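Engineer: below are the sequence and a predicted model; questions follow.
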Amino acid sequence: MHDLHRVEVVDDGVARTIARARQHLLETRDNDGGWHGNIDLGPIALAMQLVVESHLGVLSRRDAEEGSRGLVALQQPDGSFLQYPHASRGSASATALAYAALVSCGRPGTTRR
């Protein structure tokens with residue numbers, strides 16, 4: 001985890017700007033230490049997060065279960081996943097990334113190949 005309390009900067013103007021930004025970040029964190037918002041980036045953002053957390057070994061069982069359920073809920077009727085919200089059709093790259101995330105989560109019916 002990054003330490004928002006320590007930053008080394010030589011320029012005073014930059015240091016003051018960083019200090020204000022750091023203070024804002026600290027003041028806007030939720031009780032769990034994170035920042036939560038409603039950002040709709042489509043299924044690829046969730047898929048990327050799940051793959052990265054799995055790769056780093058920090059994906060909890062609960063997050064894997066909830067994340068894979070969330071991904072499956074975004075799957076299109078033809079089995080594909082949209083590359084971005086409101087896309088007219090699924091894309092091969094978004095679908096491949098979502099599949100990799102489902103495998104990373106240990107979703108039943110998916111296997112590593």
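Structural biologist: In hand now; what should we look at? Numbering: from 1, shown residues only.
Engineer: just give me how far the helix or strand of the chain with the lowest mean pLDDT sits from the chain centre.
Structural biologist: Taking mean pLDDT, DSSP states H and E as the measure, the helix or strand of the chain with the lowest value is helix 12-28, at a mean of 88. Averaging C-alpha coordinates over helix 12-28 and over its chain gives two centres that are 25 Å apart (Cα atoms, centre = their mean, to the nearest Å).
Engineer: swap in stretch 23-37?
Structural biologist: Here stretch 23-37 is found 16 Å from its chain centre; the criterion is Cα atoms, centre = their mean.
Engineer: let me see the ranges of the strands in this structure.
Structural biologist: Ranges of strands within the chain are 81-82, 90-91, based on DSSP state E.
Engineer: how about these in a markdown table, adding distance to Leu25 and mean pLDDT?
Structural biologist: To be clear about C-beta, it is placed using only N, CA and C from the backbone, and glycine gets the same treatment. Converted to a markdown table, the strands of the chain look like this (distance: least, Cβ to Cβ, whole Å; pLDDT from 0 to 100):
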| stretch | distance to Leu25 | mean pLDDT |
| --- | --- | --- |
| strand 81-82 | 31 | 94 |
| strand 90-91 | 34 | 94 |
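Engineer: I am finished for the moment; much appreciated.
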